[in-house]
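Engineer: Sequence plus predicted model, see below.
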Amino acid sequence: MEKDQIIIFKNRGLISIRGDDAKNYLQNIITNDINKVSHSNSIFSALLSPQGKYLFEFFVVKDKDGYFLDCDGISVTDLINHLSKYKIRSKVDITDLSSDYAIGVINLENFKTIQSKMGKNDLTIQYRNSQIFIDPRNNELGARIISPLEKLYLTIKKLNFKIVEDKTYLKKAYLSGIPIEGLKNLQNQLFGLEVNFEKLNAIDFKKGCYVGQENTARMKLKNKIRRQLMPIKTGNNIKIGDEIKYNNLVIGKVLIDKPFPFAVFKLFDPEFSSFKNEKLKINSNEIKIILWRPKIKVLIGHVEIHGK
C-alpha cells in the first residue's frame, strides 16, 4: 500500500462494549490486559474457549465511555452471543455498530504524517471523529482507522486519500503469517498459542485470570506447544482438511484454503528446520512452507513485530 492510499475493508465488524462494568467485564474474559487500552493506545486480543482454544480475535480500541471491538465481520453475531454469556449481572451494553462504522487501513508513513500535524506521538490518535491506531500485531501492516460511516468520505477527502483494493494488504499479512480471511475455520481447532497469539501480542501472561487462561499458562510454562499455524505456498488447488505429508508421514492439515492458505503443522523441532528445504505434498501436489519467525523489538510504549 502506497502513500496517500486507504483500504476500506468489506468484511470487518464493529462491536461496542459500554457500561459501568465494561472494563472489568472485558478484563475477566479476554486474553490481553484491558489496562493497556486508553485513548492513546489500542491492543490486539482474543476470546478463547474454557479449554484455551481459539474462538474469536479482535482489536480493542477505547471509545468515549467504553470500548470498540474491531472484529471479523462474518463472526459478529456469534461473538456478541458469546460475549453475552459472560454478562451475568454486569452493567454492560453490547451493541453491533457494523452498519454505522467503516474500518480501513492506511500505511505507517501516512499515520506518522497525521501524528506530526496533530503534534502527538501516541500509538492511537483521534482525528476528527475517527480513531486511528498502529496495528499492534505488526506495524508493517500500517494503521487501522475506525470512522463513522457518515463521516468517512469527508475524512478521506480531508486527508486527500485514494481508496484502493485490499489485495496487497492481504498478501502482506499472509506473508507475515497473519490470516485475515477464513478465521471461522480455526474455531475450536487450535489452542491460542498455536495460532501465534503470543507472537502477535494478543496474550498478557501477567494479567491474571481470563477464559482459557489455565491451559494457556500451562502450555507456556511447560513448553507444550506441539503445533503451529503457518502460511503455505502451492500452485495447485487445495481444500480445507487436506493432509500434508512428508515421506508418507502426515505432518499437517490445511485449515484455510486459497487465495491465502494456512495449515497447522506438528512441531517436530522449534525451528522447523527438518522441513525447510524438503518437498512436502498435498495428495500428489508439492507445497512449500513459508517459515515465519518474528523478531520482537521493544520500543517506547509498545512492542513492534517484524517478520523475516
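Structural biologist: Looks like it came in fine.

Engineer: and residue 162, how many neighbours does it have?
Structural biologist: Close neighbours of residue 162, defined as other C-beta atoms under 10 Å, add up to 9. Where you see a C-beta, it was placed from the backbone N, CA and C, and this is true even at glycine.

Engineer: which residue ranges form the helices in the chain?
Structural biologist: Using DSSP state H, the helices of the chain run over residues 22-27, 76-84, 108-118, 149-159, 167-175, 213-221.

Engineer: could those helices go into a markdown table alongside distance to residue 190, mean neighbour count and mean pLDDT?
Structural biologist: Below are the helices of the chain laid out as a markdown table (distance: least, C-beta to C-beta, whole Å; neighbours: other C-beta atoms under 10 Å; pLDDT from 0 to 100):
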| stretch | distance to residue 190 | mean neighbour count | mean pLDDT |
| --- | --- | --- | --- |
| helix 22-27 | 23 | 19 | 97 |
| helix 76-84 | 17 | 16 | 98 |
| helix 108-118 | 30 | 15 | 93 |
| helix 149-159 | 34 | 15 | 92 |
| helix 167-175 | 17 | 17 | 93 |
| helix 213-221 | 11 | 16 | 95 |
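
Engineer: separation between residue 182 and residue 204?
Structural biologist: With distances taken as C-beta to C-beta, to the nearest Å, residue 182 is found 26 Å from residue 204.

Engineer: And for the nearest residue to residue 76 once chain neighbours are set aside, the neighbour number?
Structural biologist: Nearest residue to residue 76 in three dimensions, chain neighbours excluded: residue 13, at 3.7 Å (C-beta to C-beta, 6 or more residues apart in numbering). Counted with other C-beta under 10 Å, residues neighbouring residue 13 total 23.

Engineer: List the contacts of the residue lying closest to residue 72 once chain neighbours are set aside.
Structural biologist: The shortest distance from residue 72 to any non-neighbouring residue, by C-beta to C-beta, 6+ apart, is to residue 183 (4.9 Å). By C-beta atoms under 8 Å, 6 or more residues apart in numbering, the contact set of residue 183 is 57, 72, 74-75.

Engineer: how about the residues you listed, which pair is most distant?
Structural biologist: Spanning the widest gap among these are 57 and 74, at 12.4 Å by C-beta to C-beta.

Engineer: Show me which of those two is the more surrounded one.
Structural biologist: Comparing residue 57 with residue 74 by other C-beta under 10 Å, the one with more neighbours is residue 57, at 27 against 15.

Engineer: What residues of stretch 63-76 count as buried?
Structural biologist: Of all the residues in stretch 63-76, those buried under the rule 16 or more other C-beta atoms under 10 Å are 63, 66-72, 75-76.

Engineer: can you give me the strands for the stretch 1-150 of the chain?
Structural biologist: Using DSSP state E, counting those that start in this stretch, the strands of the stretch 1-150 of the chain run over residues 5-8, 12-18, 43-48, 54-62, 66-72, 93-96, 101-106, 124-127, 130-134, 143-148.

Engineer: Now render the ones you listed as TSV, adding mean pLDDT and distance to residue 266.
Structural biologist: What follows is these, written out as TSV (pLDDT from 0 to 100; distance: least, C-beta to C-beta, whole Å):
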stretch	mean pLDDT	distance to residue 266
strand 5-8	96	35
strand 12-18	98	32
strand 43-48	98	21
strand 54-62	98	17
strand 66-72	98	27
strand 93-96	98	38
strand 101-106	97	34
strand 124-127	95	38
strand 130-134	96	34
strand 143-148	97	33
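
Engineer: Reformat the ones you listed as TSV; add distance to residue 211.
Structural biologist: Shown next, in TSV, are the strands of the stretch 1-150 of the chain (distance: least, C-beta to C-beta, whole Å):
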stretch	distance to residue 211
strand 5-8	32
strand 12-18	15
strand 43-48	6
strand 54-62	9
strand 66-72	15
strand 93-96	16
strand 101-106	25
strand 124-127	25
strand 130-134	25
strand 143-148	25
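
Engineer: From residue 241, how far off is the residue nearest to residue 72?
Structural biologist: For residue 183, the distance to residue 241 equals 16 Å [C-beta to C-beta].

Engineer: Now for residue 168: which residues touch it?
Structural biologist: For residue 168, the contact set (C-beta under 8 Å, 6+ apart) comprises residue 1.

Engineer: mind running it again at 10 Å?
Structural biologist: Shown in contact with residue 168 (C-beta atoms under 10 Å, 6 or more residues apart in numbering): 1-2, 5, 7.

Engineer: again with residue 29
Structural biologist: 45, 47-48, 82-83, 85-86, 209-213.

Engineer: Surely residue 179 touches residue 257?
Structural biologist: No - if you go by C-beta atoms under 10 Å, residue 179 and residue 257 don't touch, sitting 11.2 Å apart.

Engineer: Find the residues that touch each one of these two.
Structural biologist: The contact sets of residue 179 and residue 257 overlap at residue 185 (C-beta under 10 Å, 6+ apart).
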